[in-house]
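>>> take this sequence and fold it.
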Amino acid sequence: MANRDMTTGATNANTDLSRLKDLHDYDVADGYPDIRGWEVKTRDGLKLGKVKDLIVSQSELRVRYIDVELDRSMRGDTSSARGTGTSAGMGTSSTAGIVGDLDEGHVLLPIGTAQLDDTNDDVIVEGLGGDVGSYPRYSGTHITHDYERSVQSHLGGAAAGAAGAAGAAGAMGASYDSEQYDDQRAFARRRTNRGTAGMAGTTGMTDSDTEQRITLNEEQMRVRKEQHQAGEVEIRKTVDTEHVRENVPLSHEEVTLERRPISDTGMNAGTIGDDQEIRVPVMREEAVVEKRAVPREQIIVRKQTRTENQTVEADLRRERLQVEGDQNVSGDIDRRI
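Residues are numbered from 1 along each chain as shown. Predicted coordinates for the structure are as follows:
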């Protein structure tokens, strides 16, 4: 349902403009960057927010605005950004602008104010007048001509003056011819050498009816490495038995007898026949074998990684451009008649 100017009651929505996510048959053309989700920064690196969506002209198949979800540090005082009356094309009360499916932190910036940084996936904006946080908020509903004039008034310049003087639909149509709304200029100023780019629908968008694009692709080989078990090393202890022989000196006691004649005649003689017995213990050494375990050495087990070169081969395909028939073609091509 189109928004209405709350002062005049006239339908004032620009129905030609739609969010890319709402156009189910349209998408970013192959080979061109989809900047949705990219960070939006100033040239000096200040982060403003992220690209939430793209606002596309359905009749011209061109991007007109980028929907920026502002970083919370950039939102500031939202009361001035909501707008009053119809100056922002959003309603009459201070909160009437917040009626769509987005929160208060979204603003629209003309695509021509952006420059793409493919290396870091950043959108660099320039030429913005004043604080971005004070820009009129975008709620996600239909965009009115009043809202567009309000955006231009914040940007300043000749386009804003023309819009205010010539009226809603005609003035906005004329302002799209300015650099601020030139999506081809925005994509052509990318920082990496990938050529110009634009947005596309199911049939693609081109700079003019006389230009078409063919993307040539090629396969590239990327080798990755995976860990696989090459085997297993099992380390365990076993017991070997060795027979050991050792000579050990052992001592023992022996009894010796020595006979001595008695020269003392005064010694009393005993009674012949009396029993007399002497017991003498005799000792000897015996070898006793004892065994005990003692640490002999330590075995340290480690793993080492060694690198060896291996040749990897693959067949890669590459597309080439061939022209048949008409000879009125110039440029670097592979010709086939």
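
>>> where does the stretch 51-200 of the chain dip in pLDDT?
77-103, 129-130, 157-175, 189-200 (pLDDT under 70).

>>> the closest residue to Asp34 other than its chain neighbours: neighbour count?
Distance criterion C-beta to C-beta, 6 or more residues apart in numbering; nearest residue to Asp34, sequence neighbours excluded, is Val28 at 4.3 Å. In this view, the C-beta of every residue, glycine as well, is placed from N, C-alpha and C. The number of residues packed near Val28 is 19, by other C-beta atoms under 10 Å.

>>> for Val28, give me phi and psi.
phi -70, psi 140 (degrees, to the nearest 10).

>>> please apply the same query to Ile55.
phi -100, psi 120.

>>> isn't it right next to Ile66, touching?
Yes. The criterion here is C-beta atoms under 8 Å, and Ile55 meets it with Ile66 at 7.3 Å.

>>> which neighbours do these two share?
Jointly contacting Ile55 and Ile66 under the rule C-beta atoms under 8 Å, 6 or more residues apart in numbering are Leu108.

>>> and the two? Which one has more around it.
Ile66 (25 against 20).

>>> secondary structure class for that one?
Judged by DSSP: H, G, I helix; E, B strand; the rest coil, the three-state class of Ile66 is strand.

>>> just list the residues touching Tyr176, thanks.
Ser57, Glu60, Arg64.

>>> now with 10 Å, please.
The contact partners of Tyr176, taken as C-beta atoms under 10 Å, 6 or more residues apart in numbering, are Asp16, Ser57, Glu60, Arg62, Arg64, Pro110, Gly112, Glu148, Ala159, Asp182, Asp183.

>>> tell me the one of those residues nearest Leu48?
Pro110 (14.4 Å; C-beta to C-beta).

>>> quick check: closest non-adjacent residue to the closest one.
Pro110's closest residue in space is Gln180 (C-beta to C-beta, 6+ apart), at 4.2 Å.

>>> where does that neighbour fall, phi/psi-wise?
Dihedral angles (degrees, to the nearest 10) for Gln180: phi -60, psi -20.

>>> same deal with Val125?
According to degrees, to the nearest 10, Val125 has phi -110, psi 150.

>>> shift numbering so it begins at 285
Yes, from this point I'll number from 285; that puts the last item at Val409.

>>> how many neighbouring residues does it have?
Val409 has 20 nearby residues by other C-beta under 10 Å.

>>> can you pull out the helices in the stretch 485-621 of the chain?
Taking DSSP state H, counting those that start in this stretch to define them, one finds no helices in the stretch 485-621 of the chain.

>>> low-confidence stretches in it?
485-495, 609-621.

>>> in it, which spans are strands?
606-607, 618-619 (DSSP state E, counting those that start in this stretch).

>>> for the first one, which strands pair with it and how are they oriented?
Which is strand 606-607. For strand 606-607, the paired strands and their directions (DSSP bridges) are strand 618-619 (parallel).

>>> now the longest helix seen in the chain: buried residues?
Across the chain, the longest stretch assigned as helix under DSSP state H is helix 429-439. Residues of helix 429-439 classed as buried: His429, Asp430, Tyr431, Glu432, Arg433, Ser434, Val435, Gln436, Ser437, His438, Leu439 (neighbour count, 16 or more other C-beta atoms under 10 Å).

>>> and the gap between the first one and Ile583?
In this structure, His429 and Ile583 are separated by 86 Å, where distance is defined by C-beta to C-beta, to the nearest Å.

>>> Leu400 against Ala470, yeah?
Yes. At 7.0 Å, Leu400 and Ala470 qualify as touching, with contact defined as C-beta atoms under 10 Å.

>>> same drill for those two, tell me which one is more crowded.
Of the pair Leu400 and Ala470, Ala470 is the one with more neighbours under other C-beta under 10 Å, namely 25 against 22.

>>> where does the more buried one fall, secondary structure wise?
Element membership for Ala470 (DSSP states H and E) is helix 467-472.

>>> any figure for the gap between Glu432 and Tyr419?
12 Å.

>>> and the closest residue to Arg320 other than its chain neighbours, helix, strand or coil?
Of all residues not flanking Arg320 in the chain, Val335 sits nearest, at 5.3 Å (C-beta to C-beta, 6+ apart). Put simply, Val335 is strand when judged by three-state DSSP.

>>> just checking, Val335 touches Leu392?
No. Val335 lies out of contact with Leu392 (C-beta under 10 Å); the separation is 11.1 Å.

>>> going through the contacts of Tyr460, which ones are buried?
Judged by 16+ other C-beta under 10 Å, buried ones among those: Asp300, Ser341, Arg346, Arg348, Pro394, Gly396, Glu432, Ala443, Asp466, Asp467.

>>> run through the bridge partners of the residue nearest to the last one when sequence neighbours are not counted.
Put plainly, it is Asp467. Using C-beta to C-beta, 6+ apart and skipping the chain neighbours, the partner closest in space to Asp467 is Val347 (4.2 Å). Beta-bridge partners of Val347, counted by DSSP bridges, are Val340.
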